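**Q** have a look at this fold, sequence not included:
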Ligand code: ATP
Ligand code: MG
């Protein structure tokens with residue numbers, strides 16, 4: 001069975017709707033036909049400032065949301081990135097075959113470092129895409145389901161796999177990105193030309209999986225809309241309404257055109273009310289299941305420990321092959 005790897009950073013108290021639509025939701029069905037590894041990307045999270053007092057809890061909260069959304073820790077491997085040291089060990093090797101200029105072209109780094117001020121950006125943030133390549137290549141993944149924002153990082157991953165294979169002999173599977181392009185990207189409700197993001201969004205722009213339905217409904221009702229009154233899909237002229245339409249479509253599985261037809265002649269407010277209902281229906285069961293799981297952190301930690309064991313079984317051989325091919329003396 002093809003192997004699939006993906007992860008989300010525990011960089012906030014809750015996942016947001018973009019993480020769900022662009023990532024976690026797609027993982028659930030993939031479990032049927034693939035051998036899946038899903039991880040909580042805590043090593044990635046510390047590429048931007050994290051409070052040590054909350055990171056561990058956020059890691060649990062993220063794992064609980066995976067399970068609540070439908071990731072089955074029996075069928076899939078569910079682990080915490082820092083529990084499997086092979087990720088970081090492979091990342092070092094890959095850092096040493098990545099060009100400085102190549103890494104400098106990554107737009108996510110440019111965006112995030114610009115936000116922080118170039119002087120505050122860390123080497124870790126710069127090397128983030130290489131660690132991401134390691135996350136994928138260490139498991140010999142065939143497919144990587146990610147949001148549109150990760151396309152460039154996936155391209156780097158493929159380049160690094162091919163480069164390593166050419167230089168040191170066939171070692172890595174060259175993975176394919178599985179991106180649900182248009183419908184997979186959710187934008188900030190207050191700033192609908194920027195993607196919804198844990199770290200960047202204005203409070204009111206973000207729909208959190210673990211927030212009460214009422215709070216999310218309120219945010220939808222105060223979402224920024226566009227000039228005019230007509231409900232139609234037009235990303236350029238009507239980014240706000242287009243975002244509401246894509247979220248609706250992503251959650252109901254109905255084509256955007258059909259939703260536009262349903263709201264023909266009605267007002268923005270009607271679409272918002274309808275969308276708030278759809279979002280509540282989707283998120284409420286996830287929220288309540290996640291809170292249930294978080295009531296028993298010891299059991300959750302045991303699940304993650306089993307996941308880490310499975311993850312190590314899948315990754316030790318690849319790391320050993322890499323170190324051997326690079327010429328490192330094996331320990332007697
Ligand atoms: P951060 O701001 O800390 O980078 P993030 O919100 O971008 O957080 P990540 O943990 O970086 O979340 O990304 C996890 C997954 O969620 C990735 O597969 C990414 O493509 C997807 N994702 C993130 N934001 C969105 C979005 N707005 N729309 C669709 N998918 C998204
Ligand atoms: Mg991100």
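**A** That came through fine. Keep in mind the model is a prediction, meaning the values are calculated, not measured. Ligands and ions are numbered 1, 2, ... in the order given.
**Q** can you give me the helices in the protein?
**A** Taking DSSP state H, the helices of the chain run over residues 17-19, 25-30, 42-45, 52-69, 86-95, 100-104, 107-116, 123-137, 151-168, 213-221, 239-252, 256-262, 268-294, 297-326.
**Q** residue 11: which of these is closest?
**A** Across these, residue 11 has its closest neighbour in helix 42-45 (4.5 Å, Cβ to Cβ). All C-beta spots, glycine's among them, are computed from the backbone N, C-alpha and C.
**Q** which strands or helices does the closest one pack on?
**A** helix 52-69, helix 123-137 (3 or more Cβ pairs under 8 Å, 6 or more residues apart in numbering; DSSP states H and E).
**Q** and those helices as CSV, adding mean neighbour count, mean pLDDT and distance to ligand 1?
**A** Converted to CSV, the helices and strands packed on helix 42-45 look like this (neighbours: other Cβ atoms under 10 Å; pLDDT from 0 to 100; distance: least, Cβ to the nearest ligand atom, whole Å):
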stretch, mean neighbour count, mean pLDDT, distance to ligand 1
helix 52-69, 20, 97, 9
helix 123-137, 23, 97, 9
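**Q** take these and write them to TSV, including distance to residue 4.
**A** Below are the helices and strands packed on helix 42-45 laid out as TSV (distance: least, Cβ to Cβ, whole Å):
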stretch	distance to residue 4
helix 52-69	14
helix 123-137	10
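**Q** poorly predicted segments of the stretch 51-200 of the chain, please.
**A** 180-183, 200 (pLDDT under 70).
**Q** now it against ligand 1: closest residue?
**A** Distance from ligand 1 to each residue of the stretch 51-200 of the chain (Cβ to the nearest ligand atom) is smallest for residue 147, at 2.3 Å.
**Q** surely that residue meets residue 179?
**A** Yes - counting by Cβ atoms under 8 Å, residue 179 is a contact partner of residue 147 at 7.1 Å.
**Q** run a quick neighbour tally on residue 13.
**A** Applying other Cβ atoms under 10 Å, we find 14 residues neighbouring residue 13.
**Q** then residue 93?
**A** Count around residue 93 with other Cβ under 10 Å applied: 20.
**Q** skipping adjacent residues, who's closest to it in space?
**A** Leaving aside its chain neighbours, residue 93 sits nearest to residue 322 (5.5 Å; criterion: Cβ to Cβ, 6 or more residues apart in numbering).
**Q** ok, now how distant is the one you found from ligand 1?
**A** Distance, residue 322 to ligand 1, using Cβ to the nearest ligand atom, to the nearest Å: 25 Å.
**Q** let me see the contact set for the nearest residue to residue 291 once chain neighbours are set aside.
**A** Residue nearest to residue 291 in three dimensions, not counting chain neighbours: residue 210, with 7.4 Å by Cβ to Cβ, 6+ apart. By Cβ atoms under 8 Å, 6 or more residues apart in numbering, residue 210 lies in contact with 13, 14, 15, 61, 65, 287, 290, 291.
**Q** tell me the one among those nearest to ligand 1.
**A** Among the contacts of residue 210, residue 15 lies closest to ligand 1 (Cβ to the nearest ligand atom), at 8.0 Å.
**Q** that closest one against residue 206, yeah?
**A** No - assessed by Cβ under 8 Å, residue 15 is found out of contact with residue 206, at 10.3 Å.
**Q** give me the common contacts of those two.
**A** residue 198.
**Q** how about the residues of the stretch 151-300 of the chain near ligand 1?
**A** Applying Cβ under 6 Å from any ligand atom, one finds that the stretch 151-300 of the chain approaches ligand 1 through 184, 185, 186, 195, 196, 197, 198, 199, 200.
**Q** go with 8 Å
**A** Residues of the stretch 151-300 of the chain lying close to ligand 1 by Cβ under 8 Å from any ligand atom are 184, 185, 186, 187, 188, 195, 196, 197, 198, 199, 200.
**Q** next, count neighbours for the fourth one.
**A** Spelled out, that is residue 187. A count of nearby residues for residue 187, using other Cβ under 10 Å, gives 25.
**Q** distance check, the residue nearest to it when sequence neighbours are not counted against residue 199.
**A** Counting by Cβ to Cβ, 6+ apart, residue 187 lies nearest to residue 243, which is 4.3 Å off, once chain neighbours are set aside. Note on residue 243: its distance to residue 199, by Cβ to Cβ, to the nearest Å, is 19 Å.
**Q** many thanks, I have nothing further to ask.
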